[in-house]
Each structure stands twice: as structure tokens, then as C-alpha cells.
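S.K.: have a look; sequence and predicted model below, questions after that.
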2 protein chains.
Amino acid sequence: MVDVIIMKAVSADNQRHADIVRRSLDDNGILGLNIVSSPGAGKTTLLEKTIADNPDIKFGVIEGDVFTSRDAKRIEKTGAPAVQLNTQGSCHLTAEMVENALPKLKLAELDIVVVENIGNLICPAAYALGEHKRVVLLSTPEGSDKVLKYPEAFAGADLILITKMDLASAVNFDMQVVLDDLQAVNPKVEPWPASVVTGEGLDRWYKWLRNQMEK
Amino acid sequence: MVDVIIMKAVSADNQRHADIVRRSLDDNGILGLNIVSSPGAGKTTLLEKTIADNPDIKFGVIEGDVFTSRDAKRIEKTGAPAVQLNTQGSCHLTAEMVENALPKLKLAELDIVVVENIGNLICPAAYALGEHKRVVLLSTPEGSDKVLKYPEAFAGADLILITKMDLASAVNFDMQVVLDDLQAVNPKVEPWPASVVTGEGLDRWYKWLRNQMEK
């Protein structure tokens, strides 16, 4: 019972901080995204490409990692401001961590704040970070069977990008399995194929970002 | 403080169950392995291939997943007995779960029990399952930078297999980065390249298994 009581307390506390984050974003007219995936599904690479291809959009990035600041350094090379959060062993970001990171970005100058979550398809699903939209990436080498194996992550997605489509045939990726499994888990969201290598699907993703900014 | 006290209690309790698991394995002369990786790094595929290529070794498999029994069904097709554990949202197996699964395998008939952990490079690192050896897989599409990003998983490895080497050049995988990062995290363990597609490294892995069985 103690475990359950603590989890509820954590959850209510997280929601309180998520509300504060959302208010900060809204006060500054900023679109907030929470990007979730397995390790190495291509979150940082997609962000680098997105920032480079859309110089008129002012991005700020909050990079979550268990350890290291490698991803923030990669983002800074694009010219966008980046804040690195290290969880020191914890498997997800919390809204409080994001709340504490926000003042390090000049919000008044930004259009979109992207939070790149910890590489993990389990824990981040349970923690809202105050984002407007949650984007979940599934890379083709991970296999077509991941939606039902990690349903909570995919159920919480507002957008699902199937990354590394350039490797799809080499790894026998079967999009139909993803489509079928999403019918059970999140039937409203259609998975969009994408590849930063071939450029497949990027225009559609950029158009989606611009549409969300206008809302 | 409550969190810390509970974590210590969980940890001591987990170790007690891990000791029970280890004793069961030892009493039956069984080698116990705990396989850890990201989602889709190829744990189940490596196991399928290993079981098929070594018909004289009697494997039993405990499959961990958050949801679904897809992996146990895949293993059963090889002819090896498999037990599926579902954590229903938890991000790692515990030794108690393994202890409860062991009686479902006929231990007296087995040489090796493989526990395939939850697809996650963070949480499983903290939970011993009573295994003799922990095998960590890193697949080339995940990228060369994962050792320092998930150091606890790689620090706890007795063997590291770099899987999907057939994709290494397509994804610009840089083994030197892995080697350099392991110097900081786990200098005694050399990462072994492997691919179930080309067969690279499999003989070495099978020889390692047989050597461990004799200990």
C-alpha cells in the first residue's frame, strides 16, 4: 500500500508541475513538444535536421539523458539554445525537471520548445511534462512488434513517426503490423514514415509542426 | 527520505530472492544468463538462432515483457520451453518474478536458463536476477554513443555483444567510440561484434556459452 500511496502522491505532484510548465509555454505563445522513443531511435538526429531545415522557426530544446551532455552539445551546433537535464539513473523526466529548466531558455524569443525525453519506451509514458503534443518515434530496426509490447507509450502519442525508413527493407520492417496493433492501442493516430537520410516524410512533419504552432 | 528507505528495502528484498534463484540454478547445475538491451536490439532473435544452432544444449527461457507473450511464442517454436513474464507497466524484472517462474521449467532437464529482460537500458541495471552472467546487447542502429549515455547497464555487463553488425556501415556505426567509452565504464569487457544475418561472431558467442557451462 505504501508504494501505491507514494505513486499517487508523485503523480499529483507531477501534474501540478506540468500545469506550471504549460502555463509558462502558453504565456509565451510557445508550442511545447515531448519526444519519446527507445534509445537510438533518432530523436536528436530528427531534431538537428528539423532545426536546420526550418531557420524561420525559433526552437529551444531541453535534452533529457540519464548521463552525459552529448545531445545538448549536438543541438547547440545547430545554433538553437539547448539545456541538458541529467536524471542520474532515473528512467524518465518529470515535469518539475522541465519547470526548473525553462528559465534557462529565453522563452519570449522562442516558437517551439522541444523536450527530448530519456531513451525509454516505458517510464516516460506515465509522466506528463506540460507539453501540448507528445511525439513518439519508432525506428524500423527496432522491429514491427513494438506497439503492443509498449502500449502505454504509443497510446499516449499525438503523433507517431516511423523513423529510419531507409533501413525498412533491410530489416524486414512490416508497417501493416504497426497499423494493426495501433487499432487496439491508439486508433486515431496514423503512423507517418520518415527518414532523415532520404528526406521521406519530413515535409509532412514540418507542415504538422507549423499547423500546431498556429493553434 | 521515504523513497530512499523503500528503495533500500526493495533492493535487500530483491537480493534475497536473487540468492534463492541462484541456489536453484546451482543445485541443478544450470548456467543462468540475464540478457539486457534496448527494445529491438535483437535479444529474441539471437536466442532463436542460438537455440537452433546448438541442439545439444538444453535451453529454458524466461521472457520478460511489459505486455504481450509474443517473445515466448517465438521461443516455443524453436522447441525450447519458455515462460512469459509480464510486468504490466514496470520497467524491469525482479528476482522474485524469476523465482516464481523457475518452477514452470523442468530444471533437472536443462543446461542453460536465459532470462530475457524488459527492453530497457536503465531500470534492469539495478536488479540482479540471480544470474551467473549478465549479457548486454547494443545494436548498431542505436548508435555508437550509448555506453556513456547508459553507463550502469554497460558497467554491469559480463559480456557485451554488438548486434546487427550487418547494418554497421549503413548506419555509420563507430566501434572505436564504444571501445573508448568502455574504458571509462567497464574496461575489462571487450565488445564482440555479432550478426545473426551474416553469422559474424556467433561461433565465438557459442564457444563462450560452452565455456561458461563448464565453470
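M.R.: Okay, I see it.

S.K.: is the residue most central in space within chain A bridged to anything, and to what?
M.R.: With distances taken as CA atoms, centre = their mean, chain A has A:Ile35 as the residue nearest its mean C-alpha position (0.2 Å). With DSSP bridges applied, the residues forming beta bridges to A:Ile35 are A:Glu116, A:Val135.

S.K.: residues contacting it?
M.R.: Residues touching A:Ile35, when contacts are defined by CB atoms under 8 Å, 6 or more residues apart in numbering or on different chains, comprise A:43, A:46-47, A:114-117, A:134-137. Using the backbone N, CA and C atoms, a C-beta is placed for each residue, glycine as well.

S.K.: how about the residues of chain A by chain B?
M.R.: Taking CB under 8 Å from any CB of the partner chain as the contact definition, chain A meets chain B at A:2-3, A:6, A:38-40, A:65-68, A:70, A:89-91, A:118-123, A:126, A:139, A:141-143, A:145-146, A:148-152, A:164, A:167, A:170-171.

S.K.: if I look at A:Lys207, how far off is A:Ile30?
M.R.: Here the criterion is CB to CB, to the nearest Å. By it, A:Lys207 lies 19 Å from A:Ile30.

S.K.: er, A:Gly60 actually
M.R.: If you go by CB to CB, the gap between A:Gly60 and A:Ile30 works out to 8 Å.

S.K.: what touches both of these two?
M.R.: Residues touching both A:Gly60 and A:Ile30 (CB under 8 Å, 6+ apart) are A:107, A:110, A:112-113.

S.K.: write the ChimeraX selection for whichever of those are buried.
M.R.: The buried subset of the shared contacts of A:Gly60 and A:Ile30, as determined by 16 or more other CB atoms under 10 Å in any protein chain shown, is captured in ChimeraX by this line:
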select /A:107,110,112,113
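
S.K.: the shared contacts of A:Gly60 and A:Ile30 in helices, which ones?
M.R.: Restricting these to those inside helices, with DSSP state H as the criterion, leaves an empty set.

S.K.: show me what contacts A:Lys49?
M.R.: Taking CB under 8 Å, 6+ apart as the definition of contact, the neighbours of A:Lys49 are A:196, A:202.

S.K.: helix or strand: which one has it?
M.R.: Under the criterion of DSSP states H and E, A:Lys49 resides in helix A:43-53.

S.K.: next one: A:Gly64
M.R.: Here A:Gly64, judged by DSSP H and E, is contained in strand A:59-65.

S.K.: got the angle for that strand vs helix A:43-53?
M.R.: Interaxial angle, strand A:59-65 versus helix A:43-53 (axes from the mean of the first three to the mean of the last three CA atoms, to 10 degrees): 170 degrees.

S.K.: state the next helix or strand along the chain beyond strand A:59-65.
M.R.: For strand A:59-65, the succeeding helix or strand toward the C-terminus, using DSSP H and E, is helix A:70-76.

S.K.: and the next element down the chain from that next one?
M.R.: Going down the chain from helix A:70-76, the next helix or strand is strand A:82-86, by DSSP H and E.

S.K.: put the alpha carbons of that following strand into CSV.
M.R.: The C-alpha atoms that make up strand A:82-86 are tabulated as CSV, following Å, rounded to 0.1, in the frame of the first residue of the first chain:
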residue,chain,number,x,y,z
ALA,A,82,19.7,23.7,-25.5
VAL,A,83,19.5,22.8,-21.8
GLN,A,84,20.8,19.4,-20.7
LEU,A,85,19.0,17.5,-17.9
ASN,A,86,20.6,14.5,-16.4
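
S.K.: run through who's touching that strand.
M.R.: By CB under 8 Å, 6+ apart, the residues outside strand A:82-86 that reach it are A:60-69, A:71-73, A:75-76, A:93, A:97-98, A:101, A:104-105.
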